[in-house]
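J.: 3D, please:
(2 chains)
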Amino acid sequence: MSNLNVSLSPHVHSGNSVQRCMLDVLIALTPALCVSFWYFGIGALVVTLTSVAACVLFEYLIQKFVLRVKPQLFDLSAVLTGVLLAFNVPSNLPIWIIIIGALIAIGVGKMSFGGLGQNIFNPALVGRVFLLVAFPAQMTTWPNPMQQAHYTDVTTGATPLYLFQQYVGGDASALEQMPSALDMLLGMHGGSMGEVCALALIIGGIYLLCRKTITWHIPVSILLAAFCTAFFCYGLDLHLALQQVLAGGLILGAVYMATDYVTSPVTPRGQLLYGCLIGFIAILIRRFGSYPEGMSFAILLLNACTPLINKYIKPRRFGVVKK
Amino acid sequence: MKTFRMGGVHPAANKLSAGVAIRPADIPEVVAIPMAQNLGAPSKPVVAKGDKVKVGTVIAEPGGFLSSYIHSSVSGTVDKIDSVPDATGKKVPAVFIKVEGDEWEESIDRSATVERQLKITDPKELVDRIFKSGIVGMGGATFPTQVKLAPPPGMKCEVVIINAVECEPYLTSDHSLMLEHAEEILVGVTALMRAMQVERAIIGIEANKPDAIALMTEKASTFSGITIQPLKLKYPQGGEKQLIDACIGKQVPSGGLPIATGALVQNVGTAFAVYQAVQKNKPLFERIVTVTGKSLKQPSNFLARIGVPIANLIEAAGGLPEDTGKVISGGPMMGKAMPAVNSYMVKGCSGILIMPSAEAQRKEAQPCIRCAKCVDACPMGLSPLFISKYSQKHMWAEAEEERIYDCIECGSCSFTCPSHRPLLDWIRQGKGKVMGIMRQRAAEAKAKAEAEKAKAENK
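T.: Coordinates of the predicted model:
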């Protein structure tokens, strides 16, 4: 018995893994993915497959030839980035633009910092925002749902957030074209691939909470802060505030993007502050900015603040009484 | 149901030997009784080669203030004093005794009757009997009990808390002790209360031992001042600070003694040893030990004499399985991996865990993804992801700032990390270093103050 293994305690492990965490998020995204395939048909399929394949490929190539490390594709993080990037773009986006987005997301957003766990910004959002700035026309024309057999030749229409902007700009009739809060919950309107069905996103979010993959702090604080801010920004109207929360990428961002482990604070109190500021800034951008949607910018801004939040907001200590 | 307020994890219980009756382990031909069995200074042997000893004869005296007596666990002749490996492979001196018969000191009451009326009532005499009986903390920390029973001036004990949590997976020695010796434990607790001159004791038991909770609650009704506190299942509830928090809702101040909360914590095994010492005049020379493991034939609870080879106990439980990859002294969360099965039974050994090779290897560490699961799991409110990084990078000032010295080394962080990072390995190193720096700084400050004082006086 000379080959006994000697290592320090603990000698057992929970069995959790990075791969399992990523898989949980992918499972949680499945309802929304199914809804988007149903609404946007072939376009959604092409965009998702292209985005995932490109993200995985770029991750592999950069790890192998640039960073020269053993490629780690099994952790599924590149797959998740691919799905999230696809969720954030219109379903009629040309393939070559998606590939550029994937390159920016993985190459600039993740690998330039050193890979998994090192990045400051959410990679999928880095890709999305780059595309938004570089290809504003393609990134802001939104196909109408239920044209399943069409890809780039779809008819496009106004999203709820565009209508909101028209309304704020003085066009009172825009409100009449706005889908009701119930329709927005179910997703009968134009928008980016993954954001159109709030209900599917919420179901996935509940799964993540049950699996303890995420905690409630970030999503709940974002949604509450956004709701309150919208209430004050849109004339103290509860229905408008609710529509603001359901419209655009707010729920997608709150549940799946802002909760990204690497780029969010580590303490519950830090997460609450982070979430509140995201919700607040997102609505301010929507109301006063020139872009109809502000969620991506709000999350990226707070991603940048995360190290600072971690520095100043510490966990509650055991046995230390505040003087 | 109560529990401690922050952090904690839920490792699989794997109490394979729960409900298995305690059986005495065979006495071998030779025992080797190590002389380092308590936290603090090792004991000094007082016997020499050729001396005849009986069961219960003193063979070693305390080697300092923080030290304890050691008694012979067998009758026979002292063969030699030689060094033996302890569970971690470190060499320690030990008294070897050739066994001849099983003759006990006459002063020991060997009858099975439970003596309920305390035979010693004077607190000082009680502590002295506990000291003379060689009792140490039986949960594994092996802190000499007589020292713990003498709180520093200004600190007052208000309640005795008995640690019957046994939150380590696999181990069942405390559980089986409660099932078979409930009444004796309660008498022992009464003796501890008397020694501390308090009227109140709480016995904390985790909810996964409903039979022990029921039995102890029933028996405790005939004792005054003792309550049984069922606790919600959560590791590391058996940690002293966590148990005090769970039972009376008070936090031990950082850097302070547990007694600052008014609570004195003793292990349930210690309470039983106190019973035997006070009521039966029987010193501590044997204890309950769980020998367990998934591929072991017969996971068992043994009553084993101190100094019995660990290998004999494993043999009695069905022998070391073919697929053994790791042998642990203690539980899987805080126990120590043994480099070889060549050590001997000691007072602090509550379990021997044999792990199959499939579970013995750590997985390769992945990059930290800052998921904060370690922050959620830490029962001390630390950020293991950051302090482990500071340790790795020798950033001692930052590690101190982040209170690395508060770590209780429970292992919840490493257990929960999805990236399989050995967080506690790094934190242990950093904690040792930082505490060294803090001690040195305190010593320098003291020396400087004294020098200035001397200078002022000389003027």
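
J.: if I look at whatever residue of the stretch 51-200 of chain B ends up closest to chain A, how far off is residue B:235?
T.: Residue nearest to chain A within the stretch 51-200 of chain B: residue B:169 (6.7 Å; C-beta to the nearest C-beta). Heads up, the C-betas are built off the backbone N, CA and C, glycines and all. When C-beta to C-beta, to the nearest Å is the yardstick, residue B:169 and residue B:235 sit 8 Å from each other.

J.: the two - which one has more neighbours?
T.: With other C-beta atoms under 10 Å in any protein chain shown as the criterion, residue B:169 and residue B:235 differ in neighbour count, and residue B:235 comes out ahead with 28 against 22.

J.: list the contacts of the residue nearest to the more buried one when sequence neighbours are not counted.
T.: Counting by C-beta to C-beta, 6 or more residues apart in numbering or on different chains, residue B:235 lies nearest to residue B:167, which is 4.8 Å off, once chain neighbours are set aside. Residue B:167 makes contact with B:206, B:233-238, B:333 under the criterion C-beta atoms under 8 Å, 6 or more residues apart in numbering or on different chains.

J.: save those as TSV, and put in secondary structure and pLDDT too.
T.: As requested, the contacts of residue B:167 are arranged in TSV below (DSSP: H, G, I helix; E, B strand; the rest coil; pLDDT from 0 to 100):
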residue	secondary structure	pLDDT
B:206	strand	96
B:233	coil	95
B:234	coil	96
B:235	strand	94
B:236	coil	95
B:237	coil	96
B:238	coil	94
B:333	coil	96
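
J.: tell me the one among those residues nearest to chain A.
T.: Where these are concerned, and distances follow C-beta to the nearest C-beta, chain A has its nearest neighbour in residue B:333, at 4.7 Å.

J.: rewinding a little: mutual contacts of residue B:169 and residue B:235, please.
T.: Counting by C-beta under 8 Å, 6+ apart, the contacts common to residue B:169 and residue B:235 are B:11, B:333.

J.: how about residues contacting the helix or strand containing residue A:242?
T.: Assessed by DSSP states H and E, residue A:242 sits inside helix A:238-246. Contact partners of helix A:238-246, identified using C-beta under 8 Å, 6+ apart, comprise A:160, A:164, A:178, A:181, A:184-185, A:198, A:223, A:226-228, A:230-231, A:234, A:250-251, A:283, A:286.

J.: report the buried members of those.
T.: When burial is judged by neighbour count using 16 or more other C-beta atoms under 10 Å in any protein chain shown, the buried members of these are A:160, A:164, A:178, A:181, A:184-185, A:198, A:223, A:226-227, A:230-231, A:234, A:250-251, A:283, A:286.

J.: report the contact partners of the nearest residue to residue B:180 once chain neighbours are set aside.
T.: Here the nearest residue to residue B:180 in space, its sequence neighbours aside, is residue B:22; by C-beta to C-beta, 6+ apart that works out to 5.8 Å. Contacts for residue B:22 were tallied using C-beta under 8 Å, 6+ apart; they are B:176-177, B:180, B:288, B:301-303.

J.: and residue B:151, by the same measure?
T.: If a contact means C-beta under 8 Å, 6+ apart, then residue B:151 has B:157, B:257, B:259, B:264 as its contacts.

J.: residue of chain B closest to chain A, please.
T.: Going by C-beta to the nearest C-beta, chain A is nearest to residue B:411 of chain B, at 3.3 Å.

J.: mind checking the SS state of the residue nearest to that residue when sequence neighbours are not counted?
T.: Closest residue in space to residue B:411, ignoring its immediate chain neighbours: residue A:10 at 3.3 Å, by C-beta to C-beta, 6+ apart. Using DSSP: H, G, I helix; E, B strand; the rest coil, the structure places residue A:10 in coil.

J.: thought residue A:10 was touching residue B:333?
T.: Yes: with contact taken as C-beta atoms under 8 Å, residue A:10 and residue B:333 are classed as touching, separated by 4.7 Å.

J.: between those two, what contacts are shared?
T.: Any residue near both residue A:10 and residue B:333 by C-beta under 8 Å, 6+ apart counts here, and that gives B:411, B:415.

J.: for stretch B:110-125, buried residues please.
T.: In stretch B:110-125, residues buried by neighbour count (16+ other C-beta under 10 Å) are residue B:120.

J.: over to stretch B:316-327?
T.: Applying a neighbour-count criterion of 16+ other C-beta under 10 Å, the buried positions in stretch B:316-327 are B:316-318, B:320-321, B:324-327.

J.: among those residues, which lie within strands?
T.: Assignment to strands by DSSP state E places the following of the buried residues of stretch B:316-327 there: B:324-327.

J.: can you give the domain ranges for the chain?
T.: The chain I'm using is chain A. Under the assignment automatic domain parsing, the domains of chain A span A:18-137, A:157-312.

J.: can you look at chain B instead?
T.: According to automatic domain parsing, chain B is divided into the following domains: B:106-280, B:373-458.

J.: how close does residue B:219 get to residue A:197?
T.: In this structure, residue B:219 and residue A:197 are 61 Å apart, going by C-beta to C-beta.

J.: meant to ask about residue B:201, not that
T.: When distance is defined by C-beta to C-beta, residue B:201 is 59 Å away from residue A:197.

J.: cool, residue A:88 as well?
T.: Distance of residue A:88 to residue A:197, given as C-beta to C-beta: 14 Å.

J.: residue B:234 reaches residue B:10, doesn't it?
T.: Yes: with the criterion set as C-beta under 8 Å, residue B:234 and residue B:10 qualify as a contacting pair; they are 6.7 Å apart.

J.: report the contact partners of the closest residue to residue B:208 other than its chain neighbours.
T.: Taking C-beta to C-beta, 6+ apart as the measure, residue B:208 lies nearest to residue B:233, with 5.4 Å between them; neighbours along the chain are not counted. Residues touching residue B:233, when contacts are defined by C-beta under 8 Å, 6+ apart, comprise B:10, B:13, B:167, B:206-208.

J.: would you mind naming what in the stretch 151-300 of chain A lies close to chain B?
T.: Neighbours of chain B within the stretch 151-300 of chain A, by C-beta under 8 Å from any C-beta of the partner chain: A:215, A:261-262, A:264-267.

J.: which ones are touching residue B:338?
T.: Contact analysis of residue B:338 by C-beta under 8 Å, 6+ apart lists A:4, A:6, B:87-89, B:310, B:327-329.

J.: quick check, nearest of the residues you listed to residue A:295?
T.: Checking those against residue A:295 by C-beta to C-beta gives residue B:328 as the nearest, at 50.0 Å.

J.: can you tell me how far that closest one is from residue B:407?
T.: When C-beta to C-beta is applied, the distance between residue B:328 and residue B:407 equals 21 Å.

J.: compare the two (neighbour count), which wins?
T.: residue B:328 (27 against 22).

J.: hey, what's that one bridged with?
T.: Here residue B:328 sits in beta bridges with residue B:337, residue B:353, as judged by DSSP bridges.
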